[in-house]
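Visitor: Turn this into a model:
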Amino acid sequence: MLTWLIALPAVAVVSASTHLLLRRGGRRLRWVAAANGVLLVGALVLVELATRAGPSAAAQHPGTATATVTAATTAASAGTANGSALLGAAIAVAGSSIGAAIAVAYTGSAALAAISERPELFGRAMVIVGLAEGIAIYGLIVSVILIGRA
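Guide: Residues are numbered from 1 along each chain as shown. Predicted coordinates:
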């Protein structure tokens, strides 16, 4: 998990530079292909590191008692589960908030255009904008459930 969090800024930098190179166009498309190749190789290395993770340091000491190793393994897995649940809750809130923002932007502008032509559509337009905002509430509910189980 720590490897993924350390690599996240590198992925963000490569993604941002790829976006900038695509905006410029022209001969820079070779650089875009190279940046995407570097990103792919980096992702494959991270997947390989995650799948080949060895035993923990506590399990490698032969002189430790079995109960101590079992307790340490249980505590480590509980900490990982807590961290994963909290990370999942954060992703749920962030994703639903971004989705709701995009939905409200489109429905809000369309609602304003419709209201400017026919003012009697105000009630219907606000209901549609409210439904788009409900996406964020669903993400909040999912995050509360995940935090409750952590």
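
Visitor: what about the helices in this protein?
Guide: 2-24, 29-51, 57-60, 66-117, 122-149 (DSSP state H).

Visitor: how many other residues sit next to residue 140?
Guide: Per other CB atoms under 10 Å, the neighbour tally for residue 140 reads 15. Heads up, the C-betas are built off the backbone N, CA and C, glycines and all.

Visitor: Not counting sequence-adjacent ones, nearest residue to it?
Guide: Of all residues not flanking residue 140 in the chain, residue 93 sits nearest, at 6.2 Å (CB to CB, 6 or more residues apart in numbering).

Visitor: cool, and residue 85?
Guide: residue 150 (3.7 Å).

Visitor: Count the neighbours of the one you found for me.
Guide: For residue 150, the count of nearby residues is 14 (other CB under 10 Å).

Visitor: hang on, it packs against residue 82?
Guide: Yes - counting by CB atoms under 8 Å, residue 82 is a contact partner of residue 150 at 4.8 Å.

Visitor: Distance-wise, check the residue nearest the centre of the chain relative to residue 97.
Guide: Nearest to the geometric centre of the chain sits residue 91, at 4.4 Å (CA atoms, centre = their mean). Distance of residue 91 to residue 97, computed by CB to CB, to the nearest Å: 11 Å.

Visitor: Same check on residue 128?
Guide: Taking CB to CB as the measure, residue 128 falls 19 Å from residue 97.
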